[in-house]
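Chemist: The following comprises the amino acid sequence and a computationally predicted model.
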Amino acid sequence: MNSFYKYTFQGFSSLKQDEKESLLQTLSVYLEIHCQISKTAKRLFVHRNTTVYRIEKCEEILAKSMKNPETTLQLRIAL
């Protein structure tokens, strides 16, 4: 499972630790709340635009769309 996690999130390894943590936390909550931006923002106590920015950044790093069910399943399993 550890190697699956490392493979899935390999793009995050080049980030600073605090940025990596905030992005992964946002991604985790986003997936937990079934990909709802506003509820994710409320749970994290951040502005909705911050949440959108972080999710887009995750998509860029992973080179995958969060709208793809296979991608979100892979990320849920890895997390």
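Modeler: Thanks, I have the structure now.
Chemist: for the most centrally placed residue in the chain, what are its contacts?
Modeler: Of all residues in the chain, the one closest to the mean position by C-alpha atoms, centre = their mean is L27, 2.4 Å from it. For L27, the contacting residues are 54-55, 58, 75, 79, by C-beta atoms under 8 Å, 6 or more residues apart in numbering. Quick note: C-beta positions are derived from backbone N, CA and C, even for glycine.
Chemist: Which single one of those is nearest to M66?
Modeler: Checking those against M66 with C-beta to C-beta, the nearest one is I55 at 6.0 Å.
Chemist: how close does the closest one sit to Q25?
Modeler: 12 Å (C-beta to C-beta, to the nearest Å).
Chemist: Could you do A63 as well?
Modeler: 21 Å.
Chemist: list the buried ones in stretch 40-50?
Modeler: 40-41, 43-44 (16 or more other C-beta atoms under 10 Å).
Chemist: Also stretch 22-33?
Modeler: 22-24, 26-27, 29-31.
Chemist: how far does that stretch sit from the chain's center?
Modeler: Relative to the chain's own centre, stretch 22-33 is displaced by 5 Å; criterion: C-alpha atoms, centre = their mean, to the nearest Å.
Chemist: average pLDDT for it?
Modeler: Averaging pLDDT along stretch 22-33 gives 96.
Chemist: Output it as PDB, nothing but the C-alphas.
Modeler: Taking Å, rounded to 0.1, in the frame of the first residue of the first chain, the C-alpha atoms of stretch 22-33 are listed here in PDB:
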ATOM      1  CA  SER A  22      -2.200  21.800   2.600                       C
ATOM      2  CA  LEU A  23      -2.800  20.300  -0.800                       C
ATOM      3  CA  LEU A  24      -3.100  16.800   0.400                       C
ATOM      4  CA  GLN A  25      -5.400  17.900   3.200                       C
ATOM      5  CA  THR A  26      -7.600  19.800   0.800                       C
ATOM      6  CA  LEU A  27      -7.700  16.800  -1.600                       C
ATOM      7  CA  SER A  28      -8.600  14.400   1.200                       C
ATOM      8  CA  VAL A  29     -11.400  16.500   2.500                       C
ATOM      9  CA  TYR A  30     -12.600  17.200  -1.100                       C
ATOM     10  CA  LEU A  31     -12.800  13.500  -1.900                       C
ATOM     11  CA  GLU A  32     -14.400  12.700   1.500                       C
ATOM     12  CA  ILE A  33     -17.200  15.300   0.800                       C
END
